[in-house]
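**Q** what follows is a predicted protein model with its sequence.
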Amino acid sequence: MPSSPEQRTTNNGQSLIKMKAAVLYELNQPVVVEELELEKPKEREVLVKMVASGVCHSDLSVTNGTIPLPLPIVLGHEGAGIVEEVGPGVTAVKPGDHVILSWVPNCGQCSFCAMGRSYLCEARALTRGGTMLDGTRRIRKGTKEYNHMLGVSTMATHTVVPEISLVRIDPDIPLREAALIGCGVMTGVGAVINTAKVEPGSRVAVFGAGGVGLNVIQGAVLASAETIIAVDLLDRKLQFAKQFGATHLINASREDPVQKIKDLTGGGVDYAFEAIGHGAVITQAYQATRRGGTTVVIGVAAPGVQASIPANTLVLEEKTLKGSYYGSARVQVDIPRLIRLYKSGRLKLGELISNTYPLEDINKAFEDLQKGENARGVLVHSQAIHN
């Protein structure tokens with residue numbers, strides 16, 4: 001059983017838990033790691049002792065405003081940990097369970113959930129506003145409240161999340177590796193398997209060999225793609241791509257990726273994936289897609305960014321241009337599936353982790369992310385480093 005966190009009681013009798021968390025107060029400023037207080041879980045909520053949190057480019061995008069979220073905010077959306085306590089009405093998990101957190105809630109009742117597209121669940125609009133599903137916050141320092149990142153705020157020693165935002169896993173799965181399934185692995189592999197439905201023998205191009213792009217490559221391997229072309233500006237990231245199954249590497253700083261892809265494939269790929277969120281790169285991915293092919297955009301672009309394509313090619317070449325949100329995932333189905341692939345040796349998780357950092361080194365982790373040093377960096381709390 002997990003140890004109990006230090007607690008105190010407010011004047012109105014409310015029990016609060018002391019925790020450390022990575023807080024963003026201002027855009028384009030260093031993240032502050034400090035002690036905050038966390039309310040205990042309310043109805044259908046769960047208190048989780050965090051063990052590991054992936055350092056994802058989306059977290060970095062929050063710090064610079066590319067993904068606008070309310071401040072101050074406790075960062076983190078990719079993580080795994082151990083259930084410490086459950087609120088009234090919780091039936092899915094119990095204290096001591098190991099869980100992966102999902103930043104896309106799954107209410108099971110809205111129209112999107114009813115049609116099997118739970119990754120578009122209407123409850124996500126609530127968590128994007130920095131609150132829990134009831135519209136209130138659990139994180140505070142004195143009388144000051146702090147926003148939750150997408151309802152999970154994984155870059156903290158403890159967090160409170162909705163019951164519908166986590167999935168129980170077997171305790172024999174290393175939590176630092178399981179954490180990556182919560183975003184990067186699900187987003188990348190899911191874009192291939194769920195969104196695009198890549199067929200065996202297909203030719204695939206992946207623009208961007210960061211954490212998500214590497215998992216697109218893994219997904220293409222799982223889908224038995226014949227040709228997997230990785231495109232990036234950094235040779236180091238292209239070498240990561242080769243390790244995860246890319247058959248061809250293109251450094252776009254030295255050659256035209258569109259022409260090179262057409263030369264390699266005799267006219268273009270069946271499926272192109274854009275994993276950066278850059279308008280010009282989206283256009284390149286579309287141009288590198290053959291007639292009748294599909295271009296999938298995964299990277300989140302900054303507000304106002306535009307991508308330009310010749311509109312007539314959608315008809316004359318019958319191309320498909322589509323987005324993929326969270327790998328079109330049904331978390332209660334897809335997380336267990338990814339775990340099974342990992343157990344069978346077909347999905348690489350530990351190999352994604354280039355470096356681990358204590359929570360206090362979050363700014364160093366972001367710096368390494370910007371430099372392209374890591375396939376994935378992971379924050380691991382020292383007291384749980386062997387879990």
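**A** Cool, the structure landed. Numbering: from 1, shown residues only.

**Q** from here on, contacts and neighbour counts on C-alpha atoms
**A** Will do.

**Q** any weak-confidence spans in the stretch 201-350 of the chain?
**A** Along the stretch 201-350 of the chain, segments meeting pLDDT under 70 are nowhere present.

**Q** can you pull out the strands in it?
**A** Listed in chain order, the strands of the stretch 201-350 of the chain (DSSP state E, counting those that start in this stretch) span 203-207, 227-232, 248-251, 269-274, 289-297, 320-323.

**Q** make TSV from those strands and add distance to H98 and mean neighbour count to it.
**A** Converted to TSV, the strands of the stretch 201-350 of the chain look like this (distance: least, C-alpha to C-alpha, whole Å; neighbours: other C-alpha atoms under 10 Å):
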stretch	distance to H98	mean neighbour count
strand 203-207	33	28
strand 227-232	34	26
strand 248-251	38	19
strand 269-274	32	29
strand 289-297	32	22
strand 320-323	32	16
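
**Q** can you show me the helices along this structure?
**A** Along the chain, counting by DSSP state H, helices occupy 57-64, 111-114, 124-127, 175-178, 184-190, 211-222, 235-243, 257-265, 279-287, 313-316, 331-343, 362-371.

**Q** just the CA coordinates for the second one, please, in CSV.
**A** Read it as helix 111-114. Written as CSV, here are the backbone C-alpha positions of helix 111-114 (Å, rounded to 0.1, in the frame of the first residue of the first chain):
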residue,chain,number,x,y,z
SER,A,111,-23.1,12.0,-28.3
PHE,A,112,-19.4,11.4,-29.2
CYS,A,113,-19.0,8.6,-26.6
ALA,A,114,-22.2,7.1,-27.8
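
**Q** would you confirm that T320 contacts R290?
**A** No: T320 lies out of contact with R290 (C-alpha atoms under 8 Å); the separation is 10.2 Å.

**Q** how about V380, nearest residue that isn't a chain neighbour?
**A** With C-alpha to C-alpha, 6 or more residues apart in numbering as the criterion, V380 has its nearest non-adjacent residue at 4.6 Å, and that residue is A52.

**Q** hang on, I meant E37
**A** With sequence-adjacent residues excluded and distances taken as C-alpha to C-alpha, 6+ apart, E37 is closest to K18, at 4.7 Å.

**Q** what's the neighbour count on that neighbour?
**A** 19 (other C-alpha atoms under 10 Å).

**Q** L36 is in contact with that one, correct?
**A** Yes: with contact defined as C-alpha under 8 Å, K18 and L36 form a contacting pair (6.0 Å).

**Q** just the strands in the stretch 51-200 of the chain please.
**A** Residue ranges of the strands in the stretch 51-200 of the chain, as given by DSSP E, counting those that start in this stretch, are 73-74, 79-86, 98-101, 139-141, 144-148, 158-162, 166-169.

**Q** could you dump the ones you listed to CSV with mean neighbour count, mean pLDDT and distance to T294?
**A** Listed next are the strands of the stretch 51-200 of the chain as CSV, based on neighbours: other C-alpha atoms under 10 Å; pLDDT from 0 to 100; distance: least, C-alpha to C-alpha, whole Å:
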stretch, mean neighbour count, mean pLDDT, distance to T294
strand 73-74, 28, 98, 37
strand 79-86, 27, 97, 31
strand 98-101, 29, 98, 30
strand 139-141, 19, 97, 43
strand 144-148, 22, 97, 35
strand 158-162, 28, 97, 35
strand 166-169, 22, 96, 31
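
**Q** for these, give me TSV that also has distance to V269.
**A** TSV is the format used below for the strands of the stretch 51-200 of the chain (distance: least, C-alpha to C-alpha, whole Å):
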stretch	distance to V269
strand 73-74	40
strand 79-86	34
strand 98-101	34
strand 139-141	47
strand 144-148	40
strand 158-162	41
strand 166-169	35
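
**Q** for those, which one sits closest to L133?
**A** Proximity to L133 (C-alpha to C-alpha) singles out strand 158-162 among the strands of the stretch 51-200 of the chain, at 7.3 Å.

**Q** what's the closest one packed up against?
**A** Packed against strand 158-162, as judged by 3 or more C-alpha pairs under 8 Å, 6 or more residues apart in numbering; DSSP states H and E, are the following elements: strand 32-39, strand 45-55.

**Q** include mean neighbour count and mean pLDDT when you put those into CSV, please.
**A** Written out in CSV, the entries for the helices and strands packed on strand 158-162 read as follows (neighbours: other C-alpha atoms under 10 Å; pLDDT from 0 to 100):
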stretch, mean neighbour count, mean pLDDT
strand 32-39, 19, 98
strand 45-55, 29, 98
